[in-house]
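> The sequence and its predicted three-dimensional model are supplied below.
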Amino acid sequence: MTDRSWLKWLIAGLILYVCFVLIRPPATWAIRSVEKANLPVAFSNATGSIWNGSAAVAIQLPRSATVEPGNIRWRVNPLYLITGRIGIKTELKTNRIRVSTVGRVGTNTILFDNLDATLPVEVATMFFPIAANAGLTGNIHVTTGSFSLQNNLILGTAEIQLDALSSTWLGPASTGSYKINVEADGKVMHGVVTTRSGVIQFEGTGTWEPFSGGRLVFEGNVSGNSGTPLRAALQNLGKANSDGSIHVLWNAHLAYPLASFQAH
């Protein structure tokens, strides 16, 4: 990038920063923007401004006749506009849900400086329809350090803890806790799944298009005591003609992404 283009970004960022400081739209503006997504969340009693505010929330959980009441707070840091991004800090608390994020959002980029979330596993049914039929119960705890989703790259590390996870498909004997550690570096992903019966490792390369194409494609190896190519592992599970890849597809045109898994 030339010095002149950097100067243009700097000037534009400073102008936008001044606008952020001088103009303070009410918090209801932020609420209206979120409500347009038609998520199963109701907001009320919004206070503050669009840059620093709070509101009461009521979240309708899947397979539940009741709602989760709670509160959400947010703070927008306009200083990052100089870099072409917006810094956002949010905190959501209900009886069963805790989400705290610090990050930045830009064009085709979401960067989490820190993410700590605890939520019931039923929330997964909002994004993965097959999970609704599995009768899943339990809790998910997700933590990250610096984690970046870019137009075609994933960078960073994340830990996913599944506590008291059970499924009506597998019966009470399936209940247990599992830990998944993932490290992504551009097009390469490494992971470790810790289960009751041992450790499973996976590694491979992928095509990550979270914004433009709405798909993740992973090809690689899965190993326990010895390395097993993903193709062979899938063939052993009944995918006789598997090419050794797992696709995650979602429809980004819906109110919220509807995802599905496909093993090839």
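Here it is on my side, so go on.
> When you work out contacts or count neighbours from here on, use the C-alpha atoms and nothing else.
OK.
> ok, what's across the strand from the closest residue to residue 118 other than its chain neighbours?
Leaving aside its chain neighbours, residue 118 sits nearest to residue 141 (4.4 Å; criterion: C-alpha to C-alpha, 6 or more residues apart in numbering). Counting by DSSP bridges, residue 141 is bridged to residue 118, residue 161.
> gap between residue 141 and residue 186?
From residue 141 over to residue 186 the distance is 24 Å, taken as C-alpha to C-alpha, to the nearest Å.
> again, but for residue 142
21 Å.
> and if you look at residue 103?
Residue 103 is 19 Å from residue 186, by C-alpha to C-alpha.
> Neighbour count: the two, which is higher?
Neighbours were tallied for residue 103 and for residue 186 using other C-alpha atoms under 10 Å; the higher tally belongs to residue 103 (21 against 18).
> Where does the more buried one fall, secondary structure wise?
strand 98-106 (DSSP states H and E).
> Which elements pack onto that strand?
strand 85-94, strand 109-120 (3 or more C-alpha pairs under 8 Å, 6 or more residues apart in numbering; DSSP states H and E).
> between the last one and strand 85-94, how big is the angle?
Compare the direction of strand 109-120 with that of strand 85-94 by axes from the mean of the first three to the mean of the last three C-alpha atoms, to 10 degrees and you get 0 degrees.
> So for strand 109-120, mean pLDDT?
Summarised as a single mean, pLDDT over strand 109-120 is 90.
> Helices of the stretch 151-264 of the chain, start to end?
In the stretch 151-264 of the chain, the helices defined using DSSP state H, counting those that start in this stretch lie at 230-236.
> Would you map the strands across it?
154-167, 171-186, 188-195, 198-209, 215-223, 227-229, 245-251, 258-263 (DSSP state E, counting those that start in this stretch).
> Reformat these as JSON lines; add mean pLDDT and distance to residue 86.
Listed next are the strands of the stretch 151-264 of the chain as JSON lines, based on pLDDT from 0 to 100; distance: least, C-alpha to C-alpha, whole Å:
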{"stretch": "strand 154-167", "mean pLDDT": "87", "distance to residue 86": "19"}
{"stretch": "strand 171-186", "mean pLDDT": "79", "distance to residue 86": "23"}
{"stretch": "strand 188-195", "mean pLDDT": "84", "distance to residue 86": "27"}
{"stretch": "strand 198-209", "mean pLDDT": "80", "distance to residue 86": "22"}
{"stretch": "strand 215-223", "mean pLDDT": "73", "distance to residue 86": "25"}
{"stretch": "strand 227-229", "mean pLDDT": "64", "distance to residue 86": "41"}
{"stretch": "strand 245-251", "mean pLDDT": "60", "distance to residue 86": "26"}
{"stretch": "strand 258-263", "mean pLDDT": "55", "distance to residue 86": "26"}
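> These into JSON lines, with extra columns for distance to residue 109?
Output for these, formatted as JSON lines (distance: least, C-alpha to C-alpha, whole Å):
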{"stretch": "strand 154-167", "distance to residue 109": "10"}
{"stretch": "strand 171-186", "distance to residue 109": "13"}
{"stretch": "strand 188-195", "distance to residue 109": "18"}
{"stretch": "strand 198-209", "distance to residue 109": "11"}
{"stretch": "strand 215-223", "distance to residue 109": "15"}
{"stretch": "strand 227-229", "distance to residue 109": "32"}
{"stretch": "strand 245-251", "distance to residue 109": "18"}
{"stretch": "strand 258-263", "distance to residue 109": "20"}
